[in-house]
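In: give me coordinates for this.
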Amino acid sequence: MSGIFAGIPIIQNQWLILDAETQLVGCFAAFTITAYTQGGDAIAKMMDDKAQVVIDEHNAAEDLSIQAVESVIEGHKKRLAVLKDIEIMEVRSCEERSV
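Out: Numbers count the residues shown, from 1 in each chain. Below is the predicted model:
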């Protein structure tokens, strides 16, 4: 109530000029306050649900990346095993030639 009593002389004495930008800021503030007080929980739930979907998608992509890296690691382990087998065969071949 005291805001109205203070606001009337401020506007009347033109300490605050109500131009288009000031009115737009007032409308935006009124909309924001109304949306927050009336739909705050619904908006928060919607944002939380959307955030959870993004997190789930990110985790799924991360899991695929991990599986791909593990597959590459297994491939390299098999390659190393094959190289070790080849080295063993070369050593035996050299031993047979020297006998």
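In: which element is residue 89 on?
Out: Element membership for residue 89, per DSSP states H and E: helix 20-98.
In: where does pLDDT dip in the protein?
Out: Low-confidence segments of the chain (pLDDT under 70): 1-3, 99.
In: recalculate using a threshold of 80.
Out: 1-12, 14-18, 98-99 (pLDDT under 80).
In: before we move on, the earlier item: how far does the helix holding residue 89 sit from its chain's centre?
Out: 10 Å (CA atoms, centre = their mean, to the nearest Å).
In: elements contacting it?
Out: Using 3 or more CB pairs under 8 Å, 6 or more residues apart in numbering; DSSP states H and E as the contact definition, helix 20-98 packs against no other helix or strand. C-beta coordinates here come from the backbone N, C-alpha and C atoms, glycine included.
In: now for residue 69, how many residues are close by?
Out: Neighbour count for residue 69, taken as other CB atoms under 10 Å: 10.
In: please apply the same query to residue 79.
Out: Per other CB under 10 Å, the neighbour tally for residue 79 reads 10.
In: let's number from 365 now, not from 1
Out: All set: I'll call the first residue 365, so the last point we hit is now residue 443.
In: contact partners for it?
Out: By CB atoms under 8 Å, 6 or more residues apart in numbering, residue 443 lies in contact with nothing.
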